[in-house]
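>>> Quick one, structure for this:
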Amino acid sequence: MRKVKRSDGFELANKSNKVLLVETKNRVSDLMVLFNICEQDEIAPGHEGAQLGVNFKKVNEDYKFSGIETIP
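Residues are numbered from 1 along each chain as shown. You can find the predicted model right below:
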């Protein structure tokens, strides 16, 4: 977990002012929390932006961490 907390994506997610909760219902996760880590055109003109996704799987009545990804 220390490597995740020290990653560039996680650092940017901590500063994000846009957070989305998305029900996913797939084998990897039931819920994804999306943090905007880069706005459209922020890096270069025409760049679509980026998000950090943290996945959770529902186990009984609790949500358990199941993965982390960046989009795109």
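>>> Any regions of this structure where pLDDT drops low?
Applying pLDDT under 70 to the chain flags the ranges 1-7.
>>> Three-state assignment for residue 13, please.
On the three-state scheme (DSSP: H, G, I helix; E, B strand; the rest coil), residue 13 is labelled helix.
>>> now the helices for the protein?
Per DSSP state H, the chain carries helices over the ranges 2-5, 8-15.
>>> I'd like to know which elements the last one is packed against.
The one in question is helix 8-15. When contacts are defined as 3 or more Cβ pairs under 8 Å, 6 or more residues apart in numbering; DSSP states H and E, helix 8-15 sits against strand 31-38, strand 50-59. From N, CA and C alone the C-beta is placed, and that goes for glycine too.
>>> For that helix, buried residues please.
9, 10, 12, 13 (16 or more other Cβ atoms under 10 Å).
>>> ok, now stretch 23-30?
So for stretch 23-30, counting by 16+ other Cβ under 10 Å, buried means 29, 30.
>>> got the contact list for that stretch?
Applying Cβ atoms under 8 Å, 6 or more residues apart in numbering, the contact partners of stretch 23-30 are 31, 32, 55, 56, 57, 58, 63, 66, 67.
>>> Run through the bridge partners of the fifth one.
Counting by DSSP bridges, residue 57 forms beta bridges with residue 64.
>>> Mind putting the contacts of stretch 23-30 into a markdown table with neighbour count and distance to residue 39?
A markdown table is the format used below for the contacts of stretch 23-30 (neighbours: other Cβ atoms under 10 Å; distance: Cβ to Cβ, whole Å):
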| residue | neighbour count | distance to residue 39 |
| --- | --- | --- |
| 31 | 16 | 24 |
| 32 | 22 | 19 |
| 55 | 20 | 23 |
| 56 | 19 | 25 |
| 57 | 17 | 29 |
| 58 | 13 | 31 |
| 63 | 15 | 28 |
| 66 | 18 | 27 |
| 67 | 12 | 24 |
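>>> mind checking how far residue 36 is from residue 12?
Separation of residue 36 from residue 12 (Cβ to Cβ, to the nearest Å) stands at 9 Å.
>>> biggest separation within the contacts of stretch 23-30, which pair?
Farthest-apart pair in the contacts of stretch 23-30 is 58 and 67; separation 13.9 Å (Cβ to Cβ).
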